[in-house]
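Student: I would like to see how this sequence folds:
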Amino acid sequence: MPKNGKRLYIQEVSVRDGFQMEPIFIPTDRKIEFINGLSRTGLAKIEVTSFTSPKAIPALADAEAVMCRIDRVPGVEYAALVPNLRGCERALSCGVDEINLVMSASESHNMANLRMTPQQSLEQFAQIAAEVNGRVRLNASLSTTFGCPFDGEIPLSRVLEVVARFVDMGMDGVTLCDTTGMANPAQVARVCEAVVQRWPNMVFTAHFHNTRGMGLANVLAALQAGIDRFDASLGGLGGCPFAPGASGNVCTEDMVHMLEAMGYDTGADLEALLVLARELPGIVQHEIPGQVVKAGPWTRRYPLPASRDRQGT
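Tutor: Numbering: from 1, shown residues only. Next up is the predicted model:
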């Protein structure tokens, strides 16, 4: 199908958002090998790890080793999630390209996830921004943008209020996160149109979960509203430990397959992604929810079955 000229950017989160949810510890060398494979699939960005306390997230206790030992492929940005100033210092010492900060629009979810109020998170963001002082890119991720499992729907005015604070701090990018998979396409369109119209020069990313089967529909709604960057997780791994029932992220290979079939240029090599997706069950020791890895791309063709007479010969 001919390209329609619009370039989209796919940002991989499986090795952070996905692996942190796995009950087994994935060996450091295996993580590095997997990330090196992802780096050569044409993805725009990889969120490699989180510089959080090993006690809080044992699955990512090897953050320094992973970040320092991966291959750095030109054209790929390597990001890390940072929860506080100490995590910021650790990330900077490993040469990250981007630091991703996270807080919730919902007070209840912020308390459950980060043990602080949203205002305290904003104050911490300002401290980290001052510490970074332009040395690397800073991205702010707003969890529960589209709904909270404790507080319900988040008013658009609240989302705009927090994004305005991010912009005033000098953030380089903002990610709108459907942490719980509560979003629907009409809501996504309203929110994304509002932020894009108010801050046309800000780099916005959409981050959706497929908890209720609306992940790819929400991607399309965000795309039509002007978003051109999307987080996704190979195989559909991931979730949120502080959001009941919030299963995995939108599946990278399924999203790339859909967008490429529609004529968009994702920059990603679908076949290379599928090769890695087929390795995932062996790495995480369970099946993955991705669909294209099972059914194959829409371009796959099969031989016509041999005809049989009524006697079955």
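Student: Run through who's touching stretch 280-291.
Tutor: For stretch 280-291, the surrounding residues in contact (Cβ atoms under 8 Å, 6 or more residues apart in numbering) are 14, 19, 22, 24, 26, 30, 34, 210, 234-237, 247-248, 251, 253-254, 277. Any C-beta I mention is one placed from the backbone N, CA and C, and that applies to glycine too.
Student: Which among these count as buried?
Tutor: Neighbour-count burial (16 or more other Cβ atoms under 10 Å) applied to the contacts of stretch 280-291 gives 14, 19, 26, 34, 210, 234-237, 247-248, 251, 253-254, 277.
Student: I'd like to know which elements the lowest-mean-pLDDT helix or strand in the chain is packed against.
Tutor: In the chain, the helix or strand scored least confidently by mean pLDDT, DSSP states H and E is helix 107-114, which has a mean of 90. Packing partners of helix 107-114 (3 or more Cβ pairs under 8 Å, 6 or more residues apart in numbering; DSSP states H and E): strand 98-104, helix 118-132, strand 137-143.
Student: hmm, back to that, would you mind checking which of the buried ones among the contacts of stretch 280-291 the model is least sure about?
Tutor: Among these, residue 247 carries the lowest pLDDT, at 68.
Student: contacting residues for the most centrally placed residue in the chain?
Tutor: Closest to where the C-alpha atoms of the chain average out (Cα atoms, centre = their mean) is residue 231, at 3.2 Å. Counting by Cβ under 8 Å, 6+ apart, residue 231 touches 11, 12, 13, 17, 47, 175, 205, 206, 207, 208, 249, 250.
Student: Low-confidence ranges, the stretch 1-150 of the chain, go.
Tutor: 1-5 (pLDDT under 70).
Student: now the strands for it?
Tutor: Assigned by DSSP state E, counting those that start in this stretch, the strands in the stretch 1-150 of the chain fall at 9-12, 45-50, 77-81, 98-104, 137-143.
Student: how about the ones you listed, which one is nearest residue 227?
Tutor: When the strands of the stretch 1-150 of the chain are compared by Cβ to Cβ, strand 9-12 sits nearest residue 227, at 10.0 Å.
Student: Give me the residues contacting the closest one.
Tutor: The contact list for strand 9-12, computed with Cβ under 8 Å, 6+ apart, reads 38, 43-47, 79, 205, 228-234, 252, 255-256, 266-268.
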